[in-house]
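Colleague: Provided below for reference: sequence and predicted model.
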Amino acid sequence: MEIFRVDGAAIASIDDLYEQLNDLLMTGEDWRMGASLDALDDVLYRFESAPEPAAMFIWADHERSRQALGVAATREWLQGKLDRPGVFDDQRIRRQLTALAAGSGPTYFDLVVEVFAGHPGVRLELR
């Protein structure tokens, strides 16, 4: 099993998260993953062919990342999507912003954890 260590103390933004994930996962590749949940989901499929988890991600200081990728970062990310009319589903984004403001919507951190959970070939350990 491959083990990857994510340094949560070094994550202050969504871009910081993807910078680390690129350093961990894209070594030897001639391209970099964009700051996108879909891109992360696609890259994690490389671990799907193993009968048991092929990779473990140990996310140290995850609570610091949870704060950095919390409501404010999520609001900014969603607002950035609204600033690009016609590219994203504006009504859906507005519903997500409303849920986030009400405290019932997922944060970016929650969404990243969901992406990992969708891959049985990958274990995510939050420390």
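Modeller: Okay, I see it.
Colleague: From here on, just use CA atoms for contacts and neighbour counts.
Modeller: Noted.
Colleague: Would you agree Phe4 falls within a strand?
Modeller: Yes: assigned with DSSP: H, G, I helix; E, B strand; the rest coil, Phe4 falls within a strand.
Colleague: my guess is it contacts Ala54, does it?
Modeller: No: counting by Cα atoms under 8 Å, Phe4 stays clear of Ala54, with 11.0 Å between them.
Colleague: Now do the SS call for the most centrally placed residue in the chain.
Modeller: Nearest to the geometric centre of the chain sits Val112, at 3.1 Å (Cα atoms, centre = their mean). For Val112, the assignment made with three-state DSSP gives helix.
Colleague: so the residue of the chain most remote from its centre is in which element?
Modeller: Seen from the C-alpha centroid of the chain, the residue lying at the greatest distance (Cα atoms, centre = their mean) is Pro51, 24.2 Å away. Using DSSP states H and E, Pro51 sits within no helix or strand.
Colleague: excluding its backbone neighbours, what's nearest it?
Modeller: Distances taken as Cα to Cα, 6 or more residues apart in numbering place Gly121 nearest to Pro51, at 7.6 Å, with adjacent residues excluded.
Colleague: what domains does the record give for this protein?
Modeller: 2-69+109-126, 71-106 (automatic domain parsing).
Colleague: May I see the buried residues of the last one?
Modeller: If you call a residue buried by 16 or more other Cα atoms under 10 Å, then domain 71-106 has these buried ones: 71, 73-75, 78, 81-82, 90, 93, 96-97, 100, 105-106.
Colleague: re the thing from before, where does the residue farthest from the centre of the chain fall, phi/psi-wise?
Modeller: phi -70, psi -30 (degrees, to the nearest 10).
Colleague: how near is it to Val122?
Modeller: Separation of Pro51 from Val122 (Cα to Cα, to the nearest Å): 11 Å.
Colleague: And for Asp23?
Modeller: 17 Å.
Colleague: neighbour-wise, which of those two wins?
Modeller: Between Asp23 and Val122, counted using other Cα atoms under 10 Å, Val122 has the larger neighbour count: 24 against 12.
Colleague: close enough to count as contact, that one and Met56?
Modeller: Yes: judged on Cα under 8 Å, Val122 makes contact with Met56 at a distance of 5.7 Å.
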